[in-house]
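Q: fold the following and give me the result.
(one chain, ligands or ions: 2)
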Amino acid sequence: MKDRKPIVAQSTAQGTGAIAIIRISGEKAFSVFLNTVVQKERFDSMPPRRISLYTLLDKEKNQILDEVTAIKYKSPRSFTGENMVEIFCHGGTVVIRDIIDSLIRNGAQPAGRGEFTRRALENGKIDLLKAEAIKGIIEGTNEPEVICAQKMYDGKINALIAVKEKMLAIQSDLEAEIEFGEDGYIGDRGKNNLSSLLKEFEKEIQLRKNITNITGGIRIVITGPTNAGKSTLFNRLLGYNRAIVHHDPGTTRDTINERILLNNYEIQLIDSAGLRETNQDVELQGIALTTNAIHAAHLILWVTAANEKISELEKQVFQESIKKKRVLGVINKIDTENGALKERFLSEKGIRHCSISLIEEKNINSLIKMITEEIGVIVSSIELPNILLNKRHEELGRKIVLEMKRAEQEWNRPEIAAHHLKKAQGLIEEIFGKTDNEEILNRIFENFCIGK
Ligand SMILES: Nc1nc2c(ncn2[C@@H]2O[C@H](COP(=O)(O)OP(=O)(O)OP(=O)(O)O)[C@@H](O)[C@H]2O)c(=O)[nH]1
Ligand SMILES: [Mg+2]
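A: Residues are numbered from 1 along each chain as shown. Ligands and ions are numbered 1, 2, ... in the order given. This next block holds a predicted model:
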């Protein structure tokens, strides 16, 4: 284990909270903490992994920094494998900054991105897959990403292990062919196995697309006839007035895109120009943008007013552009009329719907519940990859496919095919993180957050 300068960082998210956690790691972590704490003997005599109350002091100003609880972890029984202290302080930004500054004055240095996890890796506490898994669990913005990360965390990588073995078997078949030629009785076995492994990787890359497609949020497009209350709904879901609301139809022209969290689902919520017959150029451009947004949507909120007739355009849209999409009907303005006509219309089309009044705040929670259920269905219907469990694996997967394709093309020139298979095998090893390559490790860890 290397003897390195202790590092310090806030491990909880930036911003204000009831409590924040600050971590110190390194052989001298305890002395850094002791330099800041009033109850030195208490900390010294406290067994590892036992929490206790301490006062932190800014010695220069002779001023109390905070009343905290803290735990010490003795090397090697800690996350990083080094001596560690975890401080639970009040979660105010000034308090956190002052404590960290004081710990730095007392011998710690600010941690780099992912430096705690990197130290854990270098001290043999975790392997690279587990380090990536931690990052995935923390940073994953959707269920499929987190499920993939969790698989790695739990070591459920049988499919990846199997791939490695299949590749070795193909290589040994090819080597036998090189050595024994026609007498080897291997026939097409190696080549057939190669082509099925290639298909397996191609399918995985395809499955990765399902995840990339929702990275950045599930796209929910609010669309429907003009003046139905789309922008009002957009603002209501957002929690503030972002889009202009007006009684003139044709108010919204551009698509407006905002990120929101709905029951902890990351959503890209998109307001759009209302659909109607028009010959106004700007409005037509807006409607074209709406059509594109509909095309890329995971879910459509079809907002229609209870007190408006069902237009020809509205009927037509259900036969054309949104027919194959997942749609939730929103009958708004039930404060004006009961919306029975629209309910019948949407029921006939087989579309789940909810009748609301945005002005009178009627049934808004039922609508949010229905939207959440729809998102749940969208997310759970995504088929997940088994081998390429994150973006880095996917990039390696693409290179593996290229090498395997070359090997396949060169199968009749076994030495060349063997060369490509060897490269593919090296890339598979790279997925496992069998690398001491500083550059690769730097690239992986530079994407981590500080404090992880
Ligand atoms: N009575 C009633 N009026 C509403 C309700 N929700 C919105 N409105 C009003 O309907 C008008 C149109 O609202 P918007 O949110 O701008 O409608 P929109 O669908 O975005 O309209 P365009 O952008 O023109 O397509 C505004 O005057 C709103 O105040 C509601 O629940 N009841
Ligand atoms: Mg609008």
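
Q: contacts, neighbours, all on C-alpha from now
A: Will do.

Q: which ones are touching residue 400?
A: With contact set as CA atoms under 8 Å, 6 or more residues apart in numbering, residue 400 has these partners: 423-425, 427-428.

Q: can you redo those as a markdown table with neighbour count and secondary structure?
A: Output for the contacts of residue 400, formatted as a markdown table (neighbours: other CA atoms under 10 Å; DSSP: H, G, I helix; E, B strand; the rest coil):
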| residue | neighbour count | secondary structure |
| --- | --- | --- |
| 423 | 17 | helix |
| 424 | 24 | helix |
| 425 | 20 | helix |
| 427 | 20 | helix |
| 428 | 22 | helix |
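
Q: nearest to residue 327 among the residues you listed?
A: residue 428 (41.2 Å; CA to CA).

Q: pretty sure the closest one contacts residue 166?
A: No - applying CA atoms under 8 Å, one finds residue 428 not in contact with residue 166, separated by 11.1 Å.

Q: the residue of the stretch 251-400 of the chain found nearest ligand 2 - nearest residue in space that isn't next to it in sequence?
A: Residue nearest to ligand 2 within the stretch 251-400 of the chain (CA to the ion): residue 252, separated by 4.0 Å. Spatial nearest neighbour of residue 252, excluding adjacent residues (CA to CA, 6 or more residues apart in numbering): residue 273 at 4.8 Å.

Q: my read: that neighbour touches residue 223, true?
A: Yes - using CA under 8 Å, residue 273 is in contact with residue 223, at 7.3 Å.

Q: intersection of neighbour lists for those two?
A: residue 290.

Q: just checking, residue 252 is part of a helix?
A: No - counting by DSSP: H, G, I helix; E, B strand; the rest coil, residue 252 is not part of a helix but coil.

Q: any idea how many residues pack against it?
A: By other CA atoms under 10 Å, 23 other residues sit near residue 252.

Q: tell me which residues touch it, please.
A: Contacts of residue 252 (CA under 8 Å, 6+ apart): 231, 243-244, 272-274, 286.

Q: overlap between these and the residues near ligand 2?
A: residue 231 (CA under 5 Å from the ion).

Q: pull out the buried members of the contacts of residue 252.
A: 231, 243, 272-274, 286 (16 or more other CA atoms under 10 Å).

Q: out of the residues you listed, which is nearest to residue 399?
A: residue 272 (39.8 Å).

Q: and the residue nearest to that closest one when sequence neighbours are not counted, what are its phi and psi?
A: Spatial nearest neighbour of residue 272, chain neighbours left out: residue 255 (4.4 Å); criterion: CA to CA, 6+ apart. For residue 255, the backbone dihedrals are phi -80, psi 140 (criterion: degrees, to the nearest 10).

Q: now swap in the one 5 residues further on and tell me
A: With angles defined as degrees, to the nearest 10, residue 260 shows backbone torsions of phi -140, psi 160.

Q: now swap in the one 10 residues further on and tell me
A: Main-chain torsions, residue 270, degrees, to the nearest 10: phi -120, psi 120.

Q: got it, and residue 238?
A: Backbone phi and psi, for residue 238 under degrees, to the nearest 10, turn out to be phi -70, psi -30.

Q: and it, how many residues sit next to it?
A: 17.

Q: in contact with it, which residues?
A: 258, 260.

Q: and the helix ranked longest in the chain, what's buried?
A: Taking DSSP state H as the criterion, the chain has its longest helix at helix 189-214. Buried residues in helix 189-214, defined by neighbour count with 16+ other CA under 10 Å: 190-191, 193-195, 197-198, 200-202, 204-205, 207-208, 210-211, 214.

Q: again with stretch 56-69
A: Buried, per 16+ other CA under 10 Å, within stretch 56-69: 56-58, 65-66, 68-69.

Q: ok, now stretch 374-390?
A: Applying 16+ other CA under 10 Å to stretch 374-390 flags 374-375, 379, 384-390 as buried.
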